[in-house]
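Novice: Predicted model and sequence follow; I will ask about them next.
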Amino acid sequence: MIGYVLRRVAGALLVLFGLSVIVYALFYLAPRDPAVLTCGKGCTPERLAQVHAAMGLDESPVAQYGHFLQGLVAGRDFPAGPDVRHCPAPCLGYSFETDQPVTKLLADRLPVSASLAIGAEILSLAIGIGAGLLSGLRRFRFLDRVVNGLILAGYAVPVFLIGLFLLLLFCVRLQWLPFPQYVPLTTDPLAWAQNLLLPWTALAVIQSAGYARLTRAGVQQTLAEDYVRTARAYGLPERRIIRSRALRGALVPLVTLTAIDLAAIMASAVLTETMFGLPGVGQLLVGAVNQIDLPVVVGVTLLTGFLVVVANAIADLLYAAIDPRVQIR
Amino acid sequence: MTLLSVRDLCITFGDTPAVDGLSFDLEPGGALGIVGESGSGKSATALALLGLHTRATIDGTIAFDGLDITKATDDRLRAIRGAGIAMVFQEPLTALSPFHRVGDQIAEVYRLHTGASKKEARARAIEVLAQVHIPDPERRADAYPHQFSGGMRQRALIAMALSCRPRLIVADEPTTALDVTVQAQILDLLDEVRTTTGTALLLISHDLGVVAGATDDVIVMRAGVAVESGPTDQVLVTPREPYTRELLAASPQPSAARPISSPPLLRVAEVRKHFPQTRRRGLRRLEPVKAVDGITLDVRAGETLGIVGESGTGKTTLARMMVGLIPPTSGSITFDGVPITRRRGRSVQMVFQDPLSSLNPRRTIGESIADPLRLQGMTAPRIKVEELLVRVGLSRSLYSRYPHQLSGGMRQRVGIARALAPDPRLIVCDEPVSSLDVTTQAQVLALLEDIRRERGLTMVFVTHDLAVLRQIADRVAVLHSGRVVELGDVAQVWEQPQHAYTKELLAAVPVADPVEARRRRAERRSVAR
């Protein structure tokens, strides 16, 4: 177990290191100068050189990357005009566009994205497993068809279309819900849930389709296994067979998919965030790319990588907990 | 009073009848065998006894302890399943849930039917695991099925069957997937369980030898109909019906000895094959798996050399090295003095165990057989392929059929035709008949023997089945843990086995003669004690 954790951590560090190198390299290959944007209109060559120096762009790319790594461990100071901005460790860089350390920007946005992701996943799993189970058991032929249709529709319809529809229906027409606006969970849990309900639903409509499909296939496959026949031959009630055997078999692929989806929503649900006015990580990334705000882009990329690595590690642990044949090595 | 009484049982799937008018009785504590080849309806009968069919139409009556199973409600059926009639299935590897501990699965069934407490149920699970001779049952109850060997899983299933003290145990091919020595142990165990607990046994098998020593009465089924039934001693010794005689005759018979003193064609010298273990524990590298560990033997020109061993003895690895499919870790294999890796294809061919998975499902039979011919540069192989098809007893028109459209026996004939295509001098057969019914098996064996004689082939025949070897082989090599423990003429090995493992193997071979089968069981018991 300890060996497993160590290997996983080492692997994660390697992935993150590789990611940051690639993102840095890509940005230096890009034919735009971020300092020009920061410098703004009426920029003189002297002023541009100043900005270059302030942003550390006058150094070689390798040296810049070295400073970046140094900042991660020990923190860094950035000269900004007459003052000095301190960025405490772990420092992912300093965003001159917004005049804030990247870590602070991410820390502000992450709760929003996490709220969105976790709620959407719970809702998607509930709908997906439920629908998949019902259609997998073929209890109702009609329902099986409906679920199949919905699965296809969910794959086909873009999230902004569903989002628009939900907004029009619940906020404009019926006026059951306020226009979404992020309220932190700690401030008012009820308002938090109320405001996030629509984005959760929009994501769930799309995601649950895939989960339903997996569950349906998993349940049908497991119910055809010999050990299910054994359970029936020993008089176990169908309900218990489904709960303790069929569902368990179906859960294994779901865990892996959920972990990846969770990380993906946290980092890049740009459309959903924009549609419902949520200040999440995805919006931050899009803004940063448009502004060529390199430190923020690198920060978001690393955060995404980190989330994916952690989510996968957790998925592997869960996987082993569900299926004893899987050994953690 | 009769425990189980089946009258005019008809099972139909759609329009296809699986069982047609089957009737039999089973007394409490009795043992009845049902014998038949695949498609005879024997498994369908077993499932019907527990009301487990979902898509079949069932007519007739199945009276268990006075209750008609065919008309019972779901609740009554569930109460009987496991508690009244317990089932032991064919596939011990997949019949237990991989997600639950063995002890928990047994305890779950016991609690369901008796309402016992968790503690009592666990005690009962350990008790029955001990009863089926699982060593250290207290600890092994906490193991998962994948941590058990095939034989142990089958024991665990029998333990589960015993847990609620059923009045009838239905065992459907309980030993088919197991090694011959394990098979003997499981059959002995079922017999022991029956005599000590007084439960009745319905034993279903395709193998007359399995049924012979373990049952009082036997029913021979064919295409859903009981062809012959009666006391086992009578049916298997003096059968009345031609089909029963055919079945008995199909079991492999010893053949006359053939003196062979020709020079060796294939020489295997000090061959080893070690597979490195990829899993590591700690920093130490694990010992490699020594699949083949120092084998030296010659295959003489024109002979049939049998190689026998149980699963994990390295017989398939050896066979694959013999045709040059995998290189040995050390040692040399030469064919006519030339290393085998330089000769493969033209002179040495292989017939594989599973004819379905060793033929490409998306190519026609003819194309598969033509492949080796095309490799040799033949541009229009069709005529030769059709000749080969006819030679192995198939029709020319099968050329454009696909593997799934053929029966198992036909597919194995295709496998043989493909091996013959490049006119090899040596054919290595790896378990070529073990997935076939006994009559089909006899036909395929006869075909191989015919072809060998006609073409003057040399043959290596790898199998776990000693009876088959007795019929087809001239000499036999007994493999155990990657080594040859005994090598000699077939008759000599049979009459005077030298090595203890050979003796054990021979004692475990099922025989179709009930008296002999019982004598052997008694002998095994006395050795065990």
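Specialist: Good, I have the coordinates. Everything numeric in this text was worked out from a predicted model, so none of it was measured.
Novice: In the stretch 351-500 of chain B, what residue comes closest to chain A?
Specialist: Proximity of the stretch 351-500 of chain B to chain A (CB to the nearest CB) peaks at B:Ser435, 17.9 Å away. Just so you know, the C-beta spots here come from the backbone N, C-alpha and C atoms, and that holds for glycine as well.
Novice: can you pull the contacts of that residue?
Specialist: Contact analysis of B:Ser435 by CB atoms under 8 Å, 6 or more residues apart in numbering or on different chains lists B:353-355, B:408.
Novice: if you set the cut-off to 10 Å instead, what comes out?
Specialist: If a contact means CB atoms under 10 Å, 6 or more residues apart in numbering or on different chains, then B:Ser435 has B:38, B:353-356, B:408-409, B:411-412, B:441 as its contacts.
Novice: List only buried entries from the residues you listed.
Specialist: With neighbours counted by 16 or more other CB atoms under 10 Å in any protein chain shown, the contacts of B:Ser435 contain buried members at B:353-355, B:408-409, B:411-412, B:441.
Novice: List the ones among those residues that fall in helices.
Specialist: Mapping those onto helices (DSSP state H) picks out B:408-409, B:411-412, B:441.
Novice: Just give me the closest of the residues you listed to B:Cys429.
Specialist: Nearest to B:Cys429 out of these is B:Gln412 (CB to CB; 9.7 Å).
Novice: Give me the pLDDT for B:Thr199.
Specialist: B:Thr199 carries a pLDDT value of 93.
Novice: does it really touch B:Ser163, like I thought?
Specialist: No: in this structure B:Thr199 lies outside contact range of B:Ser163 using CB atoms under 10 Å: 11.7 Å.
Novice: Can you pick out the residue with more neighbours from the two?
Specialist: Between B:Thr199 and B:Ser163, B:Ser163 has the larger neighbour count (other CB atoms under 10 Å in any protein chain shown), namely 28 against 23.
Novice: now the helices for the stretch 201-350 of chain B?
Specialist: B:208-212, B:232-237, B:242-250, B:315-322 (DSSP state H, counting those that start in this stretch).
Novice: quick one, which of the ones you listed is packed in tightest?
Specialist: Mean neighbours per residue, mean count of other CB atoms under 10 Å in any protein chain shown, is largest over the helices of the stretch 201-350 of chain B for helix B:208-212, with a mean of 26.
Novice: which other helices and strands contact that one?
Specialist: If contacts are counted by 3 or more CB pairs under 10 Å, 6 or more residues apart in numbering or on different chains; DSSP states H and E, helix B:208-212 sits against strand B:31-35, helix B:180-197, strand B:200-205, strand B:217-222, helix B:232-237, helix B:242-250, helix B:514-528.
Novice: So is the helix or strand hosting A:Leu302 next to chain B?
Specialist: Taking DSSP states H and E as the definition, A:Leu302 sits inside helix A:294-322. Yes: using CB under 10 Å from any CB of the partner chain, helix A:294-322 reaches chain B at A:Ile322.
Novice: buried set for that helix?
Specialist: So, applying 16+ other CB under 10 Å, buried residues of helix A:294-322: A:294-309, A:311-313, A:315-319.
Novice: again with stretch B:426-438
Specialist: Those would be B:426-433, B:435-438, for stretch B:426-438 by 16+ other CB under 10 Å.
Novice: ditto for stretch B:17-24
Specialist: Buried residues in stretch B:17-24 (16+ other CB under 10 Å): B:17-20, B:22, B:24.
Novice: re earlier: determine which of the helices of the stretch 201-350 of chain B approaches A:Phe179 most closely.
Specialist: Closest among the helices of the stretch 201-350 of chain B, using CB to CB: helix B:315-322, at 69.2 Å.
Novice: Which neighbouring elements make contact with that closest one?
Specialist: With 3+ CB pairs under 10 Å, 6+ apart as the test, helix B:315-322 has strand B:264-275, strand B:289-300, strand B:304-308, strand B:330-335, strand B:348-351, strand B:426-430, strand B:458-463, strand B:475-480 packed against it.
Novice: Turn those strands into TSV, including distance to A:Ile22 and mean pLDDT.
Specialist: Below are those laid out as TSV (distance: least, CB to CB, whole Å; pLDDT from 0 to 100):
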stretch	distance to A:Ile22	mean pLDDT
strand B:264-275	38	90
strand B:289-300	41	89
strand B:304-308	56	93
strand B:330-335	46	90
strand B:348-351	49	90
strand B:426-430	50	92
strand B:458-463	53	93
strand B:475-480	54	92
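Novice: Dump those strands to a markdown table, plus distance to chain A.
Specialist: Putting the helices and strands packed on helix B:315-322 into a markdown table (distance: least, CB to the nearest CB, whole Å) gives the following:
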| stretch | distance to chain A |
| --- | --- |
| strand B:264-275 | 18 |
| strand B:289-300 | 18 |
| strand B:304-308 | 29 |
| strand B:330-335 | 30 |
| strand B:348-351 | 29 |
| strand B:426-430 | 26 |
| strand B:458-463 | 26 |
| strand B:475-480 | 29 |
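Novice: Turn those into a markdown table, columns for distance to A:Ala233.
Specialist: Formatted as a markdown table, these follow (distance: least, CB to CB, whole Å):
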| stretch | distance to A:Ala233 |
| --- | --- |
| strand B:264-275 | 38 |
| strand B:289-300 | 36 |
| strand B:304-308 | 35 |
| strand B:330-335 | 48 |
| strand B:348-351 | 37 |
| strand B:426-430 | 34 |
| strand B:458-463 | 32 |
| strand B:475-480 | 37 |
